[in-house]
Each structure stands twice: as structure tokens, then as C-alpha cells.
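Enquirer: Fold the following for me, if possible:
(chains A and B)
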Amino acid sequence: MVDTSLWKKKDPDQPEISLPTLKSQRTKMGKSEDSEKKKKIKDVEISVPIVYGNAAFWLGKKASEYQSHKWTVYVRGATNEDLSVVVKRAVFQLHSSFNNPTRVVESAPFELSESGWGEFEIAITLFFYNDVCEKPLNLYHHLKLYPEDESGPMSTKKPVVVESYDEVVFTEPSESFLARVQNHPAVTFPRLPAGVTLPPPVSTEDESKKKRGDTKDHPLSQWFLNFSEADELLQLAAARQQVQAHIAKLRRQISLTDGQNQQFKPL
Amino acid sequence: MDAKDILGLPKTPLPIPQEKKSRPQKDSQRKPDGISREVYALTGGVAPLMPSIDVSQLKRRPPSDEKITWQWLPFTSSARKDDLQLYHWVRVVNGVPPTGDYSFAKYNKSVDVIRYTDEEYEKYLTDPKWTKEETDQLFDLCERFDLRFIIIADRFPTHRTVEELKDRYYSVSRAILVARAPSPGEVAGHPLVKEPYNVTQETERKRALSMVLSQTKHQERKDAEVLAEAKRIAESRMAARAAEEPDLPVPSDVGPESAEGAVGPGDTISPANVQAPAAAIAPSTSVIADNASTLASLRMLRVYLRTYALEQMVQAASSSAGLRTIKRVEQTLQDLGVNLKPKVPTKAVCAEHLELRKEILTLLNLQKQLQYKEAEGSSFRDGSYGDMPGTAKRSQRAADQDRTFVPDTISFGGDRVVKREQKRKGPGRTSETPSSPAGAHKRPRKMKASDL
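Expert: I've put the predicted structure just below:
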């Protein structure tokens, strides 16, 4: 890993000075501007809330022995925003019994539809843009086709949906990344430390030409689950209060007992 | 086969699907050549797929053209100093008995103990603590017993320790070698000269060894604990140092700072110091340092999932707790109605969750503390001397139980906590066990006002 401290100390006006020493180590960057863009902001993390999971429809009359369900596994922004601002592509690794079990999705919405009969673990690998992160990230999702309540009738209209909420955290993001996503709704932008300013974002693509990547009007969006941190926060706060009250009580009791023991301590 | 005869089964093998492996000898019914049927049956009766003993080799031996007889003949050994003639069986080939020395004579090795002359003694070897007579005796014994110093020490006429004897022997031999050598350089390579015998070191080493050997289990455990603490402190120091390194003049975040602060007290504790304060301080430094090292390792990842980060932090926070405690924390979380793994793991939620877990740990520790103190108190009151915390007397027990159980039952019905405390106490408490948590409610509570 290249020692980023070298970059920090150099004078931004004269990137050439440090170039000769770094050239041998840097394999990807050629232009001198890149070194500025790759400057990483320390002690800052930026997170992207995502939801990943599957929706499975029973095929009913049209179901055969090996194709009883039609399912879609996907990764979406938690608020249904377009993830392609950070995710370059997503690779879904299916069960080996599928043809070409490694499915690559190059653009948002990052999803994959298939038909089958079995439940298995799907490994989803997210690849990010170079300025975001050079390492991919793995998610694991257990494909669910059959409803929890086995006794209930299976319906072709209502899918079985299982989703998990998580947040992808990027540590020490590069300046260019931060600049690019400054106002993007898919990203939880952090508070920057004092004195750090970002260059203005460089508009790279014609927005209108881009394929729509958000999932707000996705056909499955009516089945998406809602994840609200408010409920969980309330729950946790209440629990903490209870525990803290007990701790206070115990501390009082302990000091009381200590006092009592002092009297009776054998000399 | 005999067995099949007895059972009355047909002799032909049943048409079970047989493997296509080619068997060297497919005789399953007829007796094989070379050994009798009964002996063959001992090996299992059926021919193994791969015969472990090659049947053809069993009886056949190349008919040797030599005539071998065994004779009872006398022999002498060069290892003996006398002319004792003993007898033994000898393999005679074609009437010619074997020649040569007794075959075991070559193992009669002995040590080259250097013998000095009297003049040499006068010149180089006098020592205030040793008389010439004693030194002579020592050397005699050394030669007799091949430098087996334990035996020599036993047989030595005056009382001397093994180390003293060794010291005298080696220093004398060394002095002789050096004296006899034409030049010092020539003997420098000799092991006796190169490595002199160090009496003090040896005595010290043996003392330490016997101490280790005679350690009780208790002491062993204590030592292991101290070593583990020392290791943890050293590791946390390393982690804190690694966490500090990438830091810049930019205001560094809390992690390294707290690790630095924590390492301060850690530095002053030397691992050899087995005191209670060390044990008390070390856990807190290790907890803080664990956090710092977790944060550092997460930062190194560059990208990670919030749930993964939470898992790591939880593990770090409960690293000092045993499995039982962790289970109790999880049980408490469930009783409080909190998901063990948050359903919406945002940054705020994860932070709250972690804090809650830590607080529960504190709570459990305080509960335990209170129990011990109360048991202590009751043992003092009763004047009973050797009571363990778990065997508090009956009269106090009800009160103790009330005070410790009430918090649990009030808040979130920590039933399981109650049950476990009961199990730990002594056998004389069988009457108490039927009191289930439900019973705790019904039992008359004595000290309510102060509790609530």
C-alpha cells in the first residue's frame, strides 16, 4: 500500500516534486492531476446505506418441478436512490446448478432475476469505482422462496420478500470521491473536519442520457420493506435508561453494604 | 469353509455384486497353499483383496546350501579385564564357528578422564577449598563412574554438592589442558576450555528448576494469568503504536488518544509484578486498547459493512468476558426487547447498541460485586470464619436473595439470572431450589423500602 503520508505533506501547487519518487510505486495513475484527486481525507468516513435481498413469486399453475418460483435478488439504495454513483458493477454468484452461475450486472438497478425451486446462499460482490475504493465488498444473502408460515397458501400475486439493511462504510475517502458525491442522495455525507475544503465537482456525464438507476419506481418497489432507524433508536434508548437506572441502584446498594461490612469486619 | 459348513450354507459364494478388482488368488473355498486351512481361517478366512502376507512366501525359504547348526560354545570378551570364560549359543555355519570379538564388546566405552601427576598438582591445581587427597579421590571416582556426578557425589567421602564436585573436576581438567598445551591457541577449541563450568549459574538454574517443578497448580494458574496479562498489555501497546503511526497534525480522533492514555499506566506495570493493582488496571487498559486496535483494523480495510464493524466492536468489548457472561448479556438484551443484531444498523443505532452492551456488562459485574459483598457481610455477621461467598448462612440468605433478585424481577424478569445464582450455592440449600422465579415474587420481602 502506498504511504499516503507522502502525499499529505507535499505542496499541492507543485505535484511534480513528489512524482519521481512515487512513480515506481504508482501503477494506476499517470497524470499529475490524479495525485491530487487521490488525496485521502483522514478521520472521515462516508457511508452508503443499502438494502439487499430477494423477492420471490410462486408460479402457481405454471410452476414445474424445477421452476416453481420466479425470483429476483437485488441490491438497492436504502432510500431507493441510484447506487451507480459508487457501485461500478455487482457480481451475483449463484448455486453451481445454474447455467453460468457468475452473473455480472454492469449498471443500476443491480438485480438479477431467475427461476428455480431451491433456496441457497447467494454471494454478492460489489465493485466500486477506482476513486471510491479499490477493494470489492462481499454480501451474503440466503435466497428465500417459501414463506415462513408453511401452513398458509402460496399466492402468485404476493411475493415472499426478505431484505437486509446495511451500510457500506468507506474509510479515508478520496477528495475526488467526496467532491463527486457531495449532494447525492444515495450517500450519507459526513461532516468534514475543520479546514478541509473540497474542489467543485466535475460533471462527468450528461445526466439525461444516463439510464435511470434508482429504484423508486421499480416494479417491485411496492413490496420493498421500510427500514426506520427511529424505532430502533427509541428501543435502544429506553433499554439504556432502564439499565442505567439499575446500575445506579446497584451502586447505591454496594456502597450501603460496604458501609455495613465495615462495622463487622474482623479485626 | 468351516463356518459355512456349520451354518449349512451353500459353498458357492452368494451372487453379491463383486468388485472388478483383479484378485491375485481367488480361492475363497479351497485351502490356500503354504498354510493349513485353520491357520488361514485365523486371518479372517476370506482372502483379502490385497493379501497382507504374500502366501507364496509363507512356507518357502530358499533352501540354503549351507549347513547351519547351533552350538553351545565358550567365548571371551575384550571388554573384560579378567579371563572369564562364559558360554553361549553360537550359529555355526558349515562347521566353522564365528570369529572375532564378542559382538557387544564395542559398546564398552568410557570417558577420558585426564589424570595429573603430583608435580602438575603442585604447580597448577592447588586450591584452598580442596585437598590433594580429595581431588585424587574425586578423579578416581570420576574414572570409575564415567563422570556420573550424582553417583560420585553419593560416594564421595566428605559431603560435597554435585555442583562443587563438577566445578572442581572441570576447572582441574581445564587447567591441566591449558598447562599441557604447547600454546594456548591449540586448546582454545577444546570444549573444556571453550566453555568453563559456571557454578553459580548452575546452582541458580537447578534451584529455579526445582521451584518450577514443585509449583502447586494454584501457583501455575497465577503465573499463566500474569503472563497472559503481560502479553495483552504488550499487544495493546503494539496496536496503539500502529494506530498512532498514520496520525498527522490534523486533530486525531479519540481512538489513538485514549489508547495512548491507557498505555501510560500500562507502561508502568512490569509483567513480573504480580500485584492486585496490576490485575485491576490491566483489564481496563486492555478494553480500551482492544477498541483502538479494532478501529485501526477497520480503518485498514478501507471498505466494510456496518454490521461487520459492529460485530468486531462487540467482540472487542466482550473480550474480557467469559462465554457465560456473554450469554447473559444476550439474554438481558432479549428481555429488554432489543434485537441482538439491530435491524436497521445505522451509525447511530450501532453506537447505541454498543453502549447498551457495555452498560449491561457493567450491570452484571455490579450485580456480582454486590453478591460477593453481601455474602462477605453475612459471613462476618455470623462470625463464621471459612465461609465462601457461595455458602452464606440460611438466615441471611433469604434477605440476600431478596436484595439481589428484586432488581431483576422488577425490571425485566431476569429469571435466568436468578436460577444461576441458586445453582452456585452449597448443597445445604435444597429447600431453596424449589423457589422458582415465580416463588421469588410470592416470598415475603423483607427489605423492600430501601430497594425500591
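
Enquirer: Now residue B:202: which helix or strand?
Expert: For residue B:202, the host element (DSSP states H and E) is helix B:199-213.

Enquirer: continuing past that helix, what's the next helix or strand?
Expert: Next along the chain from helix B:199-213, counting by DSSP H and E, comes helix B:217-244.

Enquirer: tell me the angle that following helix makes with helix B:199-213.
Expert: Comparing the axes of helix B:217-244 and helix B:199-213 via axes from the mean of the first three to the mean of the last three CA atoms, to 10 degrees yields an angle of 100 degrees.

Enquirer: which helices and strands does helix B:217-244 pack with?
Expert: Helix B:217-244 sits against helix B:254-268, helix B:276-301, with contacts defined as 3 or more CB pairs under 8 Å, 6 or more residues apart in numbering or on different chains; DSSP states H and E. Backbone N, C-alpha and C define where each C-beta goes, glycine included.

Enquirer: If you average pLDDT over each of those helices, which is lowest?
Expert: If you rank the helices and strands packed on helix B:217-244 by mean pLDDT, helix B:254-268 sits at the bottom with a mean of 42.

Enquirer: Residue A:89 belongs to a strand?
Expert: Yes. Assessed by DSSP: H, G, I helix; E, B strand; the rest coil, residue A:89 belongs to a strand.

Enquirer: If you count neighbours, what's buried in the helix holding residue B:202?
Expert: Neighbour counts over helix B:199-213 (16 or more other CB atoms under 10 Å in any protein chain shown) mark residue B:199 as buried.

Enquirer: for stretch B:168-185, same thing?
Expert: Buried positions in stretch B:168-185, judged by neighbour count with 16+ other CB under 10 Å: B:168, B:169, B:170, B:171, B:172, B:173, B:174, B:175, B:176, B:178.

Enquirer: coming back round to it: summarise which helices and strands the helix holding residue B:202 is packed against.
Expert: Using 3+ CB pairs under 8 Å, 6+ apart, the elements in contact with helix B:199-213 are helix B:162-180.

Enquirer: residues making contact with the helix it packs on?
Expert: Helix B:162-180 has contacts (CB atoms under 8 Å, 6 or more residues apart in numbering or on different chains) with B:113-114, B:116, B:120, B:123-125, B:127, B:130, B:135, B:138-139, B:142, B:147, B:149-150, B:152-153, B:156, B:184, B:187, B:190, B:192-193, B:196-197, B:199, B:202-203, B:206.

Enquirer: Just want the angle from that helix to helix B:199-213.
Expert: Relative orientation of helix B:162-180 versus helix B:199-213 (the same axes, to 10 degrees): 150 degrees.

Enquirer: Mind exporting the C-alpha coordinates of helix B:162-180 to PDB?
Expert: C-alpha atoms of helix B:162-180 as PDB (Å, rounded to 0.1, in the frame of the first residue of the first chain):
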ATOM      1  CA  VAL B 162      27.200 -32.000  42.800                       C
ATOM      2  CA  GLU B 163      28.000 -28.500  41.700                       C
ATOM      3  CA  GLU B 164      31.100 -28.300  43.800                       C
ATOM      4  CA  LEU B 165      32.400 -31.600  42.500                       C
ATOM      5  CA  LYS B 166      31.700 -30.700  38.900                       C
ATOM      6  CA  ASP B 167      33.300 -27.300  39.400                       C
ATOM      7  CA  ARG B 168      36.500 -28.900  40.800                       C
ATOM      8  CA  TYR B 169      36.700 -31.500  38.200                       C
ATOM      9  CA  TYR B 170      36.200 -29.200  35.200                       C
ATOM     10  CA  SER B 171      38.500 -26.500  36.500                       C
ATOM     11  CA  VAL B 172      41.200 -29.000  37.200                       C
ATOM     12  CA  SER B 173      40.800 -30.600  33.800                       C
ATOM     13  CA  ARG B 174      40.800 -27.200  32.200                       C
ATOM     14  CA  ALA B 175      43.900 -26.100  34.000                       C
ATOM     15  CA  ILE B 176      45.700 -29.300  33.000                       C
ATOM     16  CA  LEU B 177      44.800 -29.000  29.400                       C
ATOM     17  CA  VAL B 178      45.900 -25.400  29.200                       C
ATOM     18  CA  ALA B 179      49.100 -26.200  31.100                       C
ATOM     19  CA  ARG B 180      50.000 -29.200  28.900                       C
END
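
Enquirer: next SSE after it?
Expert: Assignment by DSSP H and E places the next element after helix B:162-180 at helix B:184-187.

Enquirer: In the very next helix or strand once past that following helix, which of the residues would be classed as buried?
Expert: Next in sequence after helix B:184-187, counting helices and strands by DSSP H and E, comes helix B:191-194. Neighbour counts over helix B:191-194 (16+ other CB under 10 Å) mark B:192, B:193 as buried.

Enquirer: Specify the local secondary structure of residue A:184.
Expert: Residue A:184 ends up coil, using three-state DSSP.

Enquirer: So for it, what pLDDT did the model give?
Expert: Residue A:184 carries a pLDDT value of 85.

Enquirer: Residue A:180 too?
Expert: Residue A:180 is assigned a predicted lDDT (pLDDT) of 85.

Enquirer: Settle this for me: it is touching residue A:173, isn't it.
Expert: No. Counting by CB atoms under 8 Å, residue A:180 stays clear of residue A:173, with 10.0 Å between them.

Enquirer: on contacts alone, who are the packing partners of the lengthiest helix in chain B?
Expert: Ranked by residue count, the top helix of chain B under DSSP state H comes out as helix B:347-382. With contacts taken as 3+ CB pairs under 8 Å, 6+ apart, helix B:347-382 sits against helix A:229-264, helix B:306-317, helix B:323-335, helix B:394-411.

Enquirer: try it again with 10 Å
Expert: Counting contacts by 3 or more CB pairs under 10 Å, 6 or more residues apart in numbering or on different chains; DSSP states H and E, helix B:347-382 packs against strand A:45-58, strand A:160-171, helix A:229-264, helix B:276-301, helix B:306-317, helix B:323-335, helix B:394-411, helix B:415-424.

Enquirer: which SSE is residue 98 in?
Expert: The chain I'm using is chain A. Going by DSSP H and E, residue A:98 is not in any helix or strand.

Enquirer: what about it, distance to chain B?
Expert: To chain B, residue A:98 is 25 Å away according to CB to the nearest CB, to the nearest Å.

Enquirer: My read is that that residue contacts residue A:116, right?
Expert: Yes. Using CB atoms under 10 Å, residue A:98 is in contact with residue A:116, at 7.4 Å.

Enquirer: More neighbours: which of these two?
Expert: Shown here are residue A:98 and residue A:116; by other CB atoms under 10 Å in any protein chain shown, residue A:116 has more neighbours (19 against 15).

Enquirer: Before I go, just wanted to say thanks for your time.
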